[in-house]
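Undergrad: Would you be able to build a 3D model of this:
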Amino acid sequence: MDVMPLLLLVAGSAAIAAAGRRVPVPAPLLLVASGLALSYVPGVPDYTLDPHVVLPLILPPLLYTAATDSSYLDLRAQVRPVALLSVGYVLFATFVVGCAAYLIVPGLPLTAALVLGAVVAPPDAVAATAVARRVGLPSRITTILQGESLVNDATAITAYKVALAAAVGEGATWAGGIGEFLIAAFGGVGVGLVLMVPIHWLRTHVREPLLQNTLSLLIPFVAYAAAEQVHASGVLAVVVVALHLGHRAWEVDFATRLQEEAVWKMVAFVLESAVFALIGLQLPVVLKGLGEYEGTQAAWYALAVFLVVVAARFVWSYPATFLPRLLSARVREREENPTWKQPFVIAWAGMRGVVSLAIAFSIPLTVHSGEPFPERNLVLFLTFTTVIGTLVVQGVTLPPLIRLLKFPPRDVQAETLAEANAQAQASRVAEERLDGLLTDERNTLPAPLADRLRTVLERRRNAVWERLGQANPVTGESVDDTYRRLSREMIGVEREVFVRLRDGRYIDDEMLRTLLRRLDLEEAAAYRETA
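TA: So this is what the prediction gives:
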């Protein structure tokens, strides 16, 4: 087995994604464009998206990391708009795009057109939220897009299976399709509910961080496989488990949380980078199979389908936003009144991605009669052009569009004030607890150490308030920033001394690693992540 193409894909996509952080173009778009450009460079290996790899091996960890980073409480508060998009819109888009493709492309059977509709219906689980985070969308819109992307793949995959059964002559019916959808949906949620409790119990009772992280890496694959084994939705099973674990992550040991965060950031970075690069690299594969269609003719079909996909999301988004408010007084009371801007951005953020391509590549070559699947190569081509079109056109224009619409910026002052109040309450309770513990003779400490515990509490309490205070007139830093910088300078000097002592053979490498880890933990305590 030649592993060089895989190594080149991972290394190359990671390098391009890293470069994307230094340019104004979102990394997903840069990766797709690079993949398109590299696909025709001589010597670049042929990469074909294998649905048997993408769906069970790449999709679960991406869904897991996205769901654990999501807020269960925020998603629950937005369950209605999320459900309308992740279920209602996907089914609507499947029907509308399928019927439009049937009318646009001569000779394309309605069943095959509905397969195309199901394939291109779900917006990508990564692309929209990646762009949304970068451009600073309001939190409600970001939550809705995240929630939609977590669930819509399950709806699309089920719709695809029903449409495919009709296309290959398995006699699918509307009643059968609805039944399969309900089984997949409730079965996936059920599997997730069954798994989440024992998995969380394991996470809180296994004390070794390395074992914890091994378990963490296995969780999405176990949940997905268990659900698929009983013909339920693996996507929903992964999402349910991940939301529960993310909501209760505070119950896990701190060392596990620190390691787990670093591990999953690396996994998500590698997979997301490789996935978007793979999308661009599919161009030669798709064009090679296009065959009988002339370039101009196929391009017109692609443009028409792309426009229908974009228009269908607008047609759904506005009624889905405003009709519930017109029909329900409870919705009007509980939710703020949206303007035309929110559904416009949600509609324009409907970028397609690797799941659509993976599903398209899973279309069988033949139907039950042994005949070739009708217009399979054209369906692949139209899926590819829709994915590329939405990523490039909508992905490039979304950031300037959001700036043009002038959404109100985040109230950083209010957020910092809320953080400071929360920290003050926590520090006050902790100080009371410390005073009570120190009155017990079993907890007797020398005065300097007891004072040090109180100083740490005071430092944590004051640090947030200092961010609200005046900046240093010379450096522009807050008091907190200056403290962190000086702390880092001192730690850096200590590191240099330890290394010199090791080089002079006064201490060995094992002791050096112990001392450096102690400094690393102190620096981590002094510096919190700001990205």
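Undergrad: Settle this for me: D508 is touching F498, isn't it.
TA: No. With contacts counted by CB atoms under 8 Å, D508 stays clear of F498, the gap being 11.5 Å. Just so you know, the C-beta spots here come from the backbone N, C-alpha and C atoms, and that holds for glycine as well.
Undergrad: More neighbours: which of those two?
TA: Neighbour count, other CB atoms under 10 Å: between D508 and F498, F498 has more, with 20 against 10.
Undergrad: What does the pLDDT read for the residue nearest to that one when sequence neighbours are not counted?
TA: The shortest distance from F498 to any non-neighbouring residue, by CB to CB, 6 or more residues apart in numbering, is to L515 (5.0 Å). L515 is assigned a pLDDT of 87 by the prediction.
Undergrad: what do you get for the one 3 residues further on?
TA: In the prediction, the pLDDT value recorded for R518 is 84.
Undergrad: where's it relative to A450, distance?
TA: Between R518 and A450 the computed distance is 21 Å (CB to CB, to the nearest Å).
Undergrad: Which one of the two is surrounded by more residues?
TA: Set side by side, R518 and A450 show more neighbours around A450, with 16 against 13, by other CB under 10 Å.
Undergrad: With adjacent residues omitted, what lies nearest to the more buried one?
TA: L438 (6.0 Å).
Undergrad: other SSEs contacting the helix or strand containing the residue nearest to F498?
TA: Using DSSP states H and E, L515 sits within helix 509-526. Of the remaining helices and strands, those touching helix 509-526 by 3 or more CB pairs under 8 Å, 6 or more residues apart in numbering; DSSP states H and E are helix 479-503.
Undergrad: Please identify the buried residues of the helix it packs on?
TA: V479, D480, Y483, R484, I491, R495, F498, R502 (16 or more other CB atoms under 10 Å).
Undergrad: farthest-separated two in those?
TA: V479 and R502 (35.2 Å; CB to CB).
Undergrad: The residue nearest to A450 and L449 touch, don't they?
TA: No. Between L438 and L449 there is no contact, the gap being 10.3 Å when judged by CB under 8 Å.
Undergrad: more neighbours, these two?
TA: Between L438 and L449, L438 has the larger neighbour count (other CB under 10 Å), namely 14 against 8.
Undergrad: how deep is G436 tucked in, by neighbour count?
TA: By the measure other CB under 10 Å, the count of residues near G436 is 10.
Undergrad: Tell me how far it lies from A422.
TA: From G436 to A422 the distance is 22 Å (CB to CB).
Undergrad: What of R332?
TA: For R332 relative to A422 (CB to CB), the value is 31 Å.
Undergrad: so where's the protein uncertain?
TA: 1-2, 125-136, 169-175, 291-292, 294, 369, 409-412, 466-473, 475-476, 526-531 (pLDDT under 70).
Undergrad: can you give me the strands for it?
TA: With DSSP state E, there are no strands along the chain.
Undergrad: hang on, the earlier thing: can you check what angle separates the helix holding L515 from helix 479-503?
TA: 180 degrees (axes from the mean of the first three to the mean of the last three CA atoms, to 10 degrees).
Undergrad: how about helix 509-526 as CSV, C-alpha atoms only?
TA: What follows is helix 509-526, C-alpha atoms only, in CSV (Å, rounded to 0.1, in the frame of the first residue of the first chain):
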residue,chain,number,x,y,z
ASP,A,509,17.3,15.2,30.6
GLU,A,510,14.7,13.5,32.7
MET,A,511,15.1,16.2,35.4
LEU,A,512,15.1,18.9,32.7
ARG,A,513,11.7,17.6,31.3
THR,A,514,10.3,17.6,34.9
LEU,A,515,11.4,21.2,35.4
LEU,A,516,10.2,22.4,32.0
ARG,A,517,6.8,20.8,32.5
ARG,A,518,6.4,22.6,35.8
LEU,A,519,7.2,25.9,34.0
ASP,A,520,4.8,25.0,31.2
LEU,A,521,2.0,24.6,33.7
GLU,A,522,2.8,27.9,35.3
GLU,A,523,2.8,29.6,32.0
ALA,A,524,-0.5,28.0,31.0
ALA,A,525,-2.0,29.3,34.3
ALA,A,526,-0.7,32.8,33.6
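Undergrad: now it, how far from the centre of its chain.
TA: Relative to the centre of its chain, helix 509-526 is centred 32 Å away, using CA atoms, centre = their mean, to the nearest Å.
Undergrad: what does it rub up against?
TA: The set of residues external to helix 509-526 that reach it, using CB atoms under 8 Å, 6 or more residues apart in numbering, is 258, 483-484, 487-488, 491, 494-495, 498-499, 501-502, 507.
Undergrad: May I see these organised as JSON lines, with distance to F221 added?
TA: Shown next, in JSON lines, are the contacts of helix 509-526 (distance: CB to CB, whole Å):
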{"residue": "L258", "distance to F221": "23"}
{"residue": "Y483", "distance to F221": "44"}
{"residue": "R484", "distance to F221": "39"}
{"residue": "S487", "distance to F221": "41"}
{"residue": "R488", "distance to F221": "39"}
{"residue": "I491", "distance to F221": "39"}
{"residue": "E494", "distance to F221": "42"}
{"residue": "R495", "distance to F221": "39"}
{"residue": "F498", "distance to F221": "41"}
{"residue": "V499", "distance to F221": "41"}
{"residue": "L501", "distance to F221": "45"}
{"residue": "R502", "distance to F221": "41"}
{"residue": "I507", "distance to F221": "43"}
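Undergrad: Could you list the buried residues of stretch 422-430?
TA: So, applying 16+ other CB under 10 Å, buried residues of stretch 422-430: Q423, S427, A430.
Undergrad: Also stretch 214-222?
TA: Neighbour-count burial for stretch 214-222 [16+ other CB under 10 Å]: L215, S216, I219, P220, F221, V222.
Undergrad: contacts for stretch 5-12?
TA: Under CB under 8 Å, 6+ apart, the answer for stretch 5-12 is S34, L38, P45, Y47, V270, S273, A274, A277, L278.
Undergrad: Highest neighbour count among those residues?
TA: Going by other CB under 10 Å, A277 tops the contacts of stretch 5-12 with 27 neighbours.
Undergrad: Just the closest of the contacts of stretch 5-12 to T155, please.
TA: Once CB to CB is applied, the member of the contacts of stretch 5-12 that ends up nearest T155 is L278, at 23.4 Å.
Undergrad: In this structure the closest one contacts G35, no?
TA: Yes. L278 lies in contact with G35 (CB under 8 Å); the separation is 6.7 Å.
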